[in-house]
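Undergrad: Predicted coordinates and the sequence they were generated for:
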Amino acid sequence: MELLVVIAIIALLASLTLMGFRHAQTTAMRNRTTAFHRSIMSGLENYHSEFGEYPKPKKAAQTAVFTGKTYNVGGSLMLYQAMSGDGDTEIDVAAGTLGASTGGLTSTEAALSHVMYKEMPKELVRRDPVGYLLVDGFGHPFQYAVPNPTTKAHYGANTTVANTDTVNSTYDLWSYGDDDTNTNQTSLDARKSDIISAKWIKNW
């Protein structure tokens, strides 16, 4: 009987230790994600100052599977190139000059002038079969969206306006954090939902 009590106590202590470890691990990954998130936002402001606009993904709807879950990766592929200067094939630009990503910067003046996030941490970048991406502290691709400019007739004149497909008028940048349920939720309604996006790390 006493042996069973001892075994039960040991099992309880092991369970509590494991729970504490998982909580600490999740907290560390969220903190890392928050730091990455802020740095990317700073890099996006640098990009805006340099080019007069926020970068746009060329393949915004592209998806890939990470740890058994489907994620949108078009924004993450674009973010890597826009922040690192390593290529521009994923950025919706009028005329690309840098080509595809190679995993490292060349010493050309053109490439160096496109670096918006200096001293990028290695753990922020992931090489995947779809390309190079910026990933959060959980190893999942960052999500990114910009307003979709369209031309609409307004009082008899063509006026370029932005569709209401982002929360912010500039761009939406987010990580799903430790949410492993809503990883394919990219709609504006989902982003605005405090219930769906409760665990996300976001700029709104």
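TA: Thanks, I have it. For clarity, every value in this text was computed on a predicted model and none was experimentally measured.
Undergrad: helix, strand or coil for residue 24?
TA: helix (DSSP: H, G, I helix; E, B strand; the rest coil).
Undergrad: Over to residue 64?
TA: Secondary structure, three-state DSSP: residue 64 is strand.
Undergrad: ok, now which ones touch it?
TA: Residues in contact with residue 64 (CB atoms under 8 Å, 6 or more residues apart in numbering) are 70, 71, 73, 128, 129, 130, 141. For every residue, glycine as well, the C-beta is placed using N, CA and C.
Undergrad: if you set the cut-off to 6 Å instead, what comes out?
TA: Counting by CB atoms under 6 Å, 6 or more residues apart in numbering, residue 64 makes contact with 73, 130.
Undergrad: any idea how far residue 173 is from it?
TA: 19 Å (CB to CB, to the nearest Å).
Undergrad: Check residue 31 too.
TA: 17 Å.
Undergrad: Over to residue 180?
TA: 20 Å.
Undergrad: Residue 74 now?
TA: According to CB to CB, residue 74 and residue 173 sit 13 Å apart.
Undergrad: on that earlier part again, residue 180 and residue 173: which is more packed in?
TA: Per other CB atoms under 10 Å, whichever of residue 180 and residue 173 has more neighbours is residue 173, with 23 against 13.
Undergrad: Could I get the phi/psi values of the more buried one?
TA: When read as degrees, to the nearest 10, the backbone of residue 173 gives phi -130, psi 130.
Undergrad: Surely residue 127 forms part of a strand?
TA: Yes. Going by three-state DSSP, the assignment for residue 127 places it inside a strand.
Undergrad: pLDDT score for the closest residue to it other than its chain neighbours?
TA: Excluding its sequence neighbours, the residue lying closest to residue 127 (CB to CB, 6 or more residues apart in numbering) is residue 103, at 6.5 Å. Looking at residue 103, its pLDDT reads 85.
Undergrad: From residue 28, how far out is residue 103?
TA: Residue 103 is 26 Å from residue 28, by CB to CB.
Undergrad: and what of residue 126?
TA: 18 Å.
Undergrad: Mind checking which of the two has more residues around it?
TA: residue 126 (17 against 11).
Undergrad: what residues are up against that one?
TA: Counted by CB under 6 Å, 6+ apart, residue 126 has contacts 133, 135.
Undergrad: swap in the one 4 residues further on?
TA: By CB under 6 Å, 6+ apart, the contact set of residue 130 is 64, 73.
Undergrad: Recalculate using a threshold of 10 Å.
TA: By CB atoms under 10 Å, 6 or more residues apart in numbering, residue 130 lies in contact with 59, 62, 63, 64, 65, 73, 74, 76, 77, 90, 141.
Undergrad: again, but for residue 58
TA: Taking CB under 10 Å, 6+ apart, we find residue 58 in contact with 74, 77, 78, 81, 88, 89, 90, 91, 92, 93, 96.
Undergrad: now with 7 Å?
TA: 78, 90, 91, 92 (CB atoms under 7 Å, 6 or more residues apart in numbering).
Undergrad: Good, wrapping up.
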